[in-house]
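**Q** Here is my input, please return the structure:
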Amino acid sequence: MVLCELVRGNESLRRFVFLALPNFSMIAFATAIEPLRLANRFLTDDFYSWSVVSANGNPVCASNGLEIAVDGSLDTIAELSNMDDRPDMVLVCAGIDVDQLETKHTRALIRRLYRTGIAIGGLCTASWVLAEAGLLDDRQCAIHWENLPGFMERFPKAHVHADLFEVDGRLYTCAGGTAALDMMLYIIAQDHEESIINRICEQCLTDRVRSATDRQRLPLRARLGVQNARLLSIIEMMEANISEPLALTDIAATSNLSRRQIERLFRHNLARSPARYYSELRLDRARHLLLQSNLPIVDVAIASGFVSASHFSKCYRDQFGRSPQVERREKERAQRAATAGLAPGFVNEESLSAPV
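**A** Numbering: from 1, shown residues only. Just a heads-up that it's a prediction; the model follows:
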C-alpha cells in the first residue's frame with residue numbers, strides 16, 4: 001500500500017497523518033481536515049498533505065455509523081519516522097467509549113513517533129489515549145467537557161483544562177467538535193499570513209478564530225435560560241465545589257443573601273430547591289465517573305461529595321432509576337460485548353498480528 005501524499009518529494013510540504021480510532025468523532029475529524037484543504041486552495045501551490053490510517057489498516061467506523069476507508073496502518077507511518085518523507089504531525093481521532101479501546105500497540109507506536117520529533121495531536125477524547133501513552137504527564141491538555149471528570153480522576157498527572165484546545169510543545173490537543181477547526185487554524189497561522197486564515201473562516205461561514213481558552217460549553221445564562229446574575233453566581237460556586245459541597249449557610253454568606261432569598265431564587269427560576277439542584281449536579285458528576293473511569297464506587301461517591309456509600313446509592317437510584325452497581329455492571333457488560341464483537345477497526349493484539 002502506497003501512502004501517495006506522504007511520499008511526495010516536496011520539501012516544503014507539511015504532512016499530516018490522521019489516525020482514526022473506532023467510534024471517532026466525525027465532526028472533529030472533518031473540521032480538522034477541511035482547513036488544510038482550504039489553505040491549499042487559497043495558496044499558489046499545495047502546502048499541506050494528509051493521509052488517514054487506522055491501527056491495523058482496516059476501515060474504521062465513526063460514532064455516527066459511517067465507515068471510512070484508510071490509506072494504511074499506523075505501523076506504515078512508524079516505518080517512515082526516520083525518513084525524509086516522515087509526517088510533521090500525527091493526529092489521533094477518537095470519540096465515544098475511548099476508555100474501552102485496547103490500544104497498547106497503538107500507544108507504543110505513538111510514543112515512538114513522538115520520540116523521533118514528530119508532533120502528536122489529539123482530537124475530541126484522544127487525550128485519553130495520549131495520557132495512557134504517558135505523553136501528558138505534567139503537560140497541558142484539553143478534552144471534551146463530558147469526559148473531563150473521568151479524565152481528571154484517571155490521569156491526575158495531566159494538567160487538563162476545559163479549553164477549546166491546548167498546545168504544549170509538540171503536543172496538540174482539542175476538545176473535539178468545531179474546536180478542531182480552531183486548533184487547525186492556529187497551526188496554519190504559524191505558517192501563513194492572516195489573510196489566508198480570514199479566507200478559510202469566510203469559506204467555513206465562521207466569523208472569527210476562537211482562542212484556545214474560549215469556553216467549551218454554553219455560558220450558564222444560555223444553558224439554563226436564567227438571567228438572574230446572583231443565581232448564576234451561586235450555581236458557578238456549586239459547580240466549582242462538587243467533591244466538597246458548600247453548606248447553604250456558606251453560600252448565603254458569600255453571596256450576601258439570606259437562605260430564604262436563595263430558596264426563592266431557585267424555586268422561581270429552576271422549580272427546585274437549591275439542595276435538590278446541588279444534588280443533581282453531584283449525581284451527574286458521579287454518573288460520568290462511573291461510565292468513564294474504573295474508580296471503585298466508594299471513591300466515586302467521595303469524589304461526588306457523598307460521605308456515605310449507602311446514601312449515595314439511594315440518591316443515585318432515585319435520580320437515574322438504577323443503582324451505581326447496576327450502572328457499572330452495564331458498562332462492563334458493554335465493554336465485554338464490544339471486545340468480543342470487534343467492530344470494524346477495533347484494535348487488539350491478535351487483530352494486529354493477523355494479515356491485512
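
**Q** Output the contacting helices and strands for whichever strand or helix holds Glu332.
**A** Using DSSP states H and E, Glu332 sits in helix 324-341. Applying 3 or more Cβ pairs under 8 Å, 6 or more residues apart in numbering; DSSP states H and E, one finds that helix 324-341 contacts helix 274-292, helix 297-303, helix 309-320. To be clear about C-beta, it is placed using only N, CA and C from the backbone, and glycine gets the same treatment.

**Q** Columns distance to Leu101 on top of the ones you listed, output as TSV?
**A** Formatted as TSV, these follow (distance: least, Cβ to Cβ, whole Å):
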stretch	distance to Leu101
helix 274-292	13
helix 297-303	22
helix 309-320	25
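
**Q** Let's have the ones you listed in JSON lines, adding mean neighbour count, mean pLDDT and distance to Ala133.
**A** Output for the helices and strands packed on helix 324-341, formatted as JSON lines (neighbours: other Cβ atoms under 10 Å; pLDDT from 0 to 100; distance: least, Cβ to Cβ, whole Å):
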{"stretch": "helix 274-292", "mean neighbour count": "19", "mean pLDDT": "92", "distance to Ala133": "18"}
{"stretch": "helix 297-303", "mean neighbour count": "19", "mean pLDDT": "93", "distance to Ala133": "24"}
{"stretch": "helix 309-320", "mean neighbour count": "16", "mean pLDDT": "94", "distance to Ala133": "33"}
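
**Q** just so I know, which of these lies nearest Arg199?
**A** Across the helices and strands packed on helix 324-341, Arg199 has its closest neighbour in helix 274-292 (39.0 Å, Cβ to Cβ).

**Q** Residues contacting that closest one, please?
**A** The contact list for helix 274-292 (Cβ atoms under 8 Å, 6 or more residues apart in numbering) reads 99, 146-147, 149-151, 153-154, 234-235, 238-239, 242, 245, 248, 251, 262-263, 265-266, 270, 272, 295, 297, 300-301, 303-306, 312, 315-316, 319-320, 324, 327-328, 331.

**Q** same deal with stretch 181-189?
**A** With Cβ under 8 Å, 6+ apart, stretch 181-189 has contacts from 31-32, 34-36, 39, 48, 89, 121, 164-165, 167, 172, 174, 196-197, 200-201, 204, 206, 209-212, 214.

**Q** how far out from the middle of the chain is that stretch?
**A** Here stretch 181-189 is found 17 Å from its chain centre; the criterion is Cα atoms, centre = their mean, to the nearest Å.

**Q** Could you say which helix or strand holds the closest residue to Arg208 other than its chain neighbours?
**A** Using Cβ to Cβ, 6 or more residues apart in numbering and skipping the chain neighbours, the partner closest in space to Arg208 is Cys201 (6.9 Å). Counting by DSSP H and E, the element that carries Cys201 is helix 194-203.

**Q** what element comes up after that helix heading to the C-terminus?
**A** helix 220-224.

**Q** Let's see that next one as PDB, backbone CA atoms only.
**A** What follows is helix 220-224, C-alpha atoms only, in PDB (Å, rounded to 0.1, in the frame of the first residue of the first chain):
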ATOM      1  CA  LEU A 220     -24.700  29.300  32.200                       C
ATOM      2  CA  ARG A 221     -27.100  32.100  31.200                       C
ATOM      3  CA  ALA A 222     -27.800  30.500  27.900                       C
ATOM      4  CA  ARG A 223     -27.600  26.900  29.100                       C
ATOM      5  CA  LEU A 224     -30.100  27.300  31.800                       C
END
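
**Q** can you pull out the strands in the stretch 51-200 of the chain?
**A** 60-61, 67-68, 72-73, 89-93, 119-123, 140-142, 159-161, 165-168, 171-174 (DSSP state E, counting those that start in this stretch).

**Q** Show me what the second one pairs with in its sheet, parallel or antiparallel.
**A** Strand 67-68 has the following strand partners under DSSP bridges: strand 60-61 (antiparallel).

**Q** The fifth one now?
**A** Strand 119-123 has these partner strands in its sheet, going by DSSP bridges: strand 89-93 (parallel), strand 171-174 (parallel).

**Q** Point out the most buried one among those.
**A** Looking across the strands paired with strand 119-123 with neighbours counted as mean count of other Cβ atoms under 10 Å, the highest average goes to strand 171-174: a mean of 28.

**Q** Rounded mean pLDDT for that strand, please.
**A** Taken as a whole, strand 171-174 has a mean pLDDT of 98.

**Q** For stretch 254-263, buried residues please.
**A** Under the neighbour-count criterion of 16 or more other Cβ atoms under 10 Å, stretch 254-263 has Ser255, Leu257, Ile262, Glu263 buried.
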